Every structure is written in C-alpha cells, then in structure tokens.
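K.L.:
Kindly generate the corresponding structure for this input.
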Amino acid sequence: MPLPVTETSPDAYRGLDQWPSAQILSAIVAAQTQAVAAVEAAVPVLAAAGEAIADRLRSGGRMVYVGAGSSGLMAQIDALELPGTYGIPADLTPVLLAGGDAALLTMPAAAEDDGEAAVHAVVAQKLSARDALIALSASGYTPFPLAALREAKWRGALTVGIANNPDTPLLTAADFPVLLATPPEVVAGSTRMNAGTAQKCALNMLSTLIAVRLGHAFDGLMVNLQADNLKLRGRAVRIVAQACALPEPEAAALLARAEGNIKTAIVLHHIPSASVADARARLAAAQGDVRAALAVPQP
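P.N.:
Numbers count the residues shown, from 1 in each chain. Now for the predicted structure:
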C-alpha cells in the first residue's frame, strides 16, 4: 500500500532535533492548528452520523466505541465524559479497546493487530441493528478496529469509521466514513499528535451533537448534568438560574423542590401550575427533551 500521510516525514522538519526549543514548539502548534482545521471538511458526515446515532440511542440502542493505541484512548476519554456531563449511562457507551482495560495503563503494541479479539469483543456486546459502532484508526488500516467495524456491520449495526488517511479500508467499510485529512506529523508516525487531536475534536463534536439531539442541552446549557460534587452542585444552581432568569437563591430553592433534577426544575418554573410529578411526566413523554416537554399540551 502507499505510504500513509500519517507516516510521511516532510522536508519542512529536517534538522528538527537541532532547532531551538521555541521553534520546535511553534511547528507543533502550527501543525495542531491545521489538524483541527481539517475537521471542518468532515462536518456534513459527522452531522449525518450524529443524527443517526441519536435515533438509535433514543430507541434503546447503544453507541459503542472501538480503537487501539492513541485512537482507543481518545475514544475512552470521550465515553468517560458522557455520564457526568450529559447523564448518558455508561452502559450505553462501552469502549472496545485493543488489549482490554489493561491497555489504559500499558498499551501492548501487538494488541492492535488482533482482529480476532475485536470480533470476539463485538460478539460479547451482542451488537444488533439497534446499535451504532464508532471505530477509530489514524492509518485506517489497523486490524482491531477494522475487524470490529466489519463484524458490527455484518450484525446490522450502524457503523462510523474515523481515519486520517483517504481511501483506506476503515473508511470504505463504514456506513459513515469520516476522513480527517490531517497534515503529516511533526515527528513522523506520532499519531497521538495531529491525528489524535483531530480525532478528539471530531469525537467532541459528534458526542455533543448526539447529546443535544437527545435533549440534554437547553439554550447551550448542560441540563442533564449529574451534580455529584460541590463544584457541579454549584453549576447546577447556575444553570437553573440562567435557564429560568432567576437569582441563584431562588434557583437553588427550585432545584431543591425538583430533588436536584435540572430539567424538572426548568419545567416547574415555566409551568407554575405543574407539580413535580407533572413535570416528570412531561419530560418522560418528551423523552427527556426540556423544550419538547414545555410544549406538551396540558391534560
């Protein structure tokens, strides 16, 4: 196969090891900036993928991430943030990481080549047409995510492939091929840099869009926040205060009445005649979407 862009070594970086430190860092910043800019071209396919995944989650399906090495770590980071930030249960966003959980501490290089292990992992998850799988690989050729994606697709799951090189097997096999055409790495092959940055950006975009479509954001506020520490409890009060245009003491009292649930508090404010039970029923009827709950007709 032709040498992937992620493995090339441009003349621009010849003599890098002899450059002044500030010049090295400036080159890294410039390349990282280009990497983020490269994600813009993927917006249409990310938007379509996000809508499709949200539909599956809304219908009781799951969003499964799969990756190896740095790409796997990007997936793991994204998945770990979703329960606290948007209240999406962790069992709906499992991560299939080459090498298993042990790879979070020490990444075994050979694990990314084990396509059979990837197939077993997908089988163990019992993926079906209700589910979606997001596979990441900087090269687009890595056996573990590629085998997982192919097995998931065979089982009827919706598949998203994210890679940093064009015309690669991962992109060809995916229902939604997401090409992040990042520039060559400053240190050739070090895909935790440009490729990893672009992947993290794309995952941020994708999972945030999905959360918005599931009704977990309201006017740019994270209304399904799980306020389980002091900082987040304060944030919850400020969210209610902003969403309801209330002073913070009144917002805190409203949140207490809603038993700490931000969405319920917002509905209670906007529909003064509603009881807590009524507000919860509205939200249930609207599948947790605050704006839709406010539009539910009065009984």
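K.L.:
Does the closest residue to V119 other than its chain neighbours lie in a helix or a strand, and which?
P.N.:
Leaving aside its sequence neighbours, V119 sits nearest to E151 (CB to CB, 6 or more residues apart in numbering; 4.7 Å). The way it works is simple: take the backbone N, C-alpha and C, and place the C-beta from them, glycine included. According to DSSP states H and E, E151 maps onto helix 143-154.
K.L.:
Tell me which residues touch A75, please.
P.N.:
65-67, 95, 97, 134, 136, 203 (CB atoms under 8 Å, 6 or more residues apart in numbering).
K.L.:
Would you check which pair of these lies furthest apart?
P.N.:
L97 and L203 (14.3 Å; CB to CB).
K.L.:
How about the contacts made by I262?
P.N.:
223-225, 227, 236, 239-240, 243, 255.
K.L.:
N165: which of these is nearest?
P.N.:
N224 (36.1 Å).
K.L.:
low pLDDT regions in the stretch 1-150 of the chain?
P.N.:
Residue ranges of the stretch 1-150 of the chain with pLDDT under 70: 1-2.
K.L.:
Which parts of it are strands?
P.N.:
Per DSSP state E, counting those that start in this stretch, the stretch 1-150 of the chain has strands spanning 63-67, 95-97, 132-137. These are given in chain order.
K.L.:
So what angle separates the directions of the first one and strand 132-137?
P.N.:
Between strand 63-67 and strand 132-137, the angle comes out at 20 degrees (axes from the mean of the first three to the mean of the last three CA atoms, to 10 degrees).
K.L.:
now the angle from the longest helix anywhere in the chain to strand 132-137?
P.N.:
Ordering each helix of the chain by length in residues (DSSP state H) puts helix 194-213 first. Per the same axes, to 10 degrees, the angle that helix 194-213 makes with strand 132-137 is 170 degrees.
K.L.:
Which neighbouring elements make contact with helix 194-213?
P.N.:
helix 21-38, helix 43-58, helix 69-86, strand 132-137, strand 158-163 (3 or more CB pairs under 8 Å, 6 or more residues apart in numbering; DSSP states H and E).
K.L.:
so which of these is the most packed in?
P.N.:
strand 132-137 (a mean of 31; mean count of other CB atoms under 10 Å).
K.L.:
what's it in contact with?
P.N.:
Against strand 132-137 from outside (CB under 8 Å, 6+ apart): 52-53, 56-57, 61-68, 71-72, 74-75, 122, 127, 145-146, 148-149, 152-153, 157-163, 168, 170, 174, 199, 203, 206.
K.L.:
In CSV, list the C-alpha atoms belonging to it.
P.N.:
Provided in CSV are the C-alpha atoms of strand 132-137 (Å, rounded to 0.1, in the frame of the first residue of the first chain):
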residue,chain,number,x,y,z
ALA,A,132,-24.1,2.0,16.5
LEU,A,133,-20.3,1.5,16.5
ILE,A,134,-17.7,4.2,16.1
ALA,A,135,-14.2,2.8,15.0
LEU,A,136,-11.1,5.0,15.0
SER,A,137,-7.8,4.4,13.4
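K.L.:
Alright, I will stop here.
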